[in-house]
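Student: Below: sequence and its predicted model.
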Amino acid sequence: MRSYLMLPHLWVVGSVLVLSYALARHLTRPLVELRAATDRLGAGDLAARVVSTRQAEMGELARSFDQMGDRVQRAVTAQKQLLQDVSHELRSPLSRLGVAVEMARTDPAQLDRVAREAGRLNTLVSELLALSRDQVRTALVELSELLAGVVDDNQIEAGARPCRLLLDAPAGLRVRADPELLRRAVENVLRNGIRYAAPDTEVRLTARRAGVRMEITVQDAGPGVPDNALGQIFAPFYRVEPDRDRSTGGAGLGLPIARRAVELHGGVISAANTRPGLRVTISLPV
């Protein structure tokens, strides 16, 4: 009789235990999945994701993990692509330099070619170092003086095109920036404009204040770029014409260096076709 009376209680206790176990599994499963995905990501599986559809805090945590995984995967992929591009870009001048050295062994006149190839290699390495720079030493910069210096430094290159450089930067425009980084950014954009300017046209360099921003603009009268490439021209090693000769088209680092310098100042750089020509605008916080 006593065992008969205890049977319902045992059923209740058993049911509670089963339900508790099921609830515990339900509550802890996201943690188990998250731990497993974390282990996979840590082991190098960049595609590891939780993909949770829950709406509570655990679901938010899982989605945050997936977003982090996406960012890590994009960063690693970009780094691998950059290393491949750097290797590709270094291979060409190194190969030409090796050939020039061998030729110079029998023909001293080839020493000029050796010096030229060594100079190109040195320029490429300098550009790569500039692209990786992440320190900013700010000072109060007088834009009219800085831009006038950039124009003066590039007059010879413009004359060889030939094109004319026009500067419109009134005195009194000041911005707190790293003078060297800002000069390099503007010069790279200006040289890009000179490179693609149509003969006997003007390349305009202007500066003006727009509210709480300072805008520096380079306008050329060249062919512009395809509209779908406007955002890509600031990516390292990107070329509108992939087969363009390196000696005339450069390594594809000028505009990326400019973008890097501008972003280190909290600014933005953009490009727009003006038909004819391309307008590149650097916008910096005052």
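Tutor: Right, received. Where do you want to start?

Student: for Leu284, what are its contacts?
Tutor: Going by Cβ atoms under 8 Å, 6 or more residues apart in numbering, Leu284 touches 175, 177, 182, 213-216, 262, 265-267. No exception for glycine: its C-beta is placed from N, CA and C like everyone else's.

Student: pLDDT wise, what is Leu41 at?
Tutor: In the prediction, the pLDDT value recorded for Leu41 is 68.

Student: An error on my part: the question was meant for Arg35.
Tutor: Arg35 is assigned a predicted lDDT (pLDDT) of 72.

Student: Give the burial count for it, as a bare number.
Tutor: By other Cβ atoms under 10 Å, 12 other residues sit near Arg35.

Student: could you measure it against Ala48, distance?
Tutor: Distance of Arg35 to Ala48, computed by Cβ to Cβ, to the nearest Å: 11 Å.

Student: Which residues are in contact with Val240?
Tutor: 225-226, 229, 233.

Student: where does stretch 123-143 sit relative to the chain's centre, distance-wise?
Tutor: Relative to its parent chain, stretch 123-143 has a centroid offset of 14 Å by Cα atoms, centre = their mean, to the nearest Å.

Student: now do stretch 155-174
Tutor: 27 Å.

Student: quick one: buried residues of it?
Tutor: For stretch 155-174, the neighbour count (16 or more other Cβ atoms under 10 Å) marks 158, 161, 163, 165, 167, 169, 173 as buried.

Student: So what touches that stretch?
Tutor: Stretch 155-174 is contacted by residues 140-144, 147-148, 151, 154, 190-191, 194-195, 197-209, 214, 220 when judged by Cβ under 8 Å, 6+ apart.

Student: Okay, now it: how far is its last residue from its first?
Tutor: From its first residue to its last, stretch 155-174 covers 24 Å (Cα to Cα, to the nearest Å).

Student: for stretch 272-280, same thing?
Tutor: Across stretch 272-280, first to last residue, Cα to Cα, it's 7 Å.

Student: what about that stretch, distance to the chain center?
Tutor: Centroid separation for stretch 272-280 versus its chain: 21 Å, with Cα atoms, centre = their mean.

Student: for stretch 117-127, same thing?
Tutor: Chain-centre distance of stretch 117-127: 20 Å, with Cα atoms, centre = their mean.

Student: Dump that stretch to PDB, restricted to CA.
Tutor: Extracted C-alpha coordinates of stretch 117-127, given in PDB (Å, rounded to 0.1, in the frame of the first residue of the first chain):
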ATOM      1  CA  GLU A 117      65.500  49.600 -61.500                       C
ATOM      2  CA  ALA A 118      67.000  50.000 -58.000                       C
ATOM      3  CA  GLY A 119      65.300  53.400 -57.800                       C
ATOM      4  CA  ARG A 120      61.900  51.900 -58.700                       C
ATOM      5  CA  LEU A 121      62.300  49.100 -56.200                       C
ATOM      6  CA  ASN A 122      63.200  51.700 -53.500                       C
ATOM      7  CA  THR A 123      60.200  53.800 -54.400                       C
ATOM      8  CA  LEU A 124      57.900  50.700 -54.100                       C
ATOM      9  CA  VAL A 125      59.300  49.800 -50.700                       C
ATOM     10  CA  SER A 126      58.900  53.400 -49.500                       C
ATOM     11  CA  GLU A 127      55.200  53.400 -50.700                       C
END
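
Student: Pull out the buried positions in that stretch.
Tutor: Using 16+ other Cβ under 10 Å as the test for burial, stretch 117-127 gives 117, 120-121, 124, 127.

Student: And those, which is the shakiest by pLDDT?
Tutor: Within the buried residues of stretch 117-127, lowest confidence goes to Glu127 (69).

Student: any idea where the strands of the stretch 1-150 of the chain begin and end?
Tutor: Counting by DSSP state E, counting those that start in this stretch, the stretch 1-150 of the chain has strands at residues 139-142.

Student: Show me the shaky parts of the stretch 51-200 of the chain.
Tutor: Within the stretch 51-200 of the chain, the segments meeting pLDDT under 70 span 51-59, 61, 65, 78-93, 127, 130-134.

Student: let's see it at 90
Tutor: Applying pLDDT under 90 to the stretch 51-200 of the chain flags the ranges 51-138, 153, 156-157, 160-161, 180-181, 184.

Student: Just the mean pLDDT for the longest strand belonging to the chain, thanks.
Tutor: The longest strand of the chain (DSSP state E) is strand 201-210. The pLDDT scores in strand 201-210 average 95.
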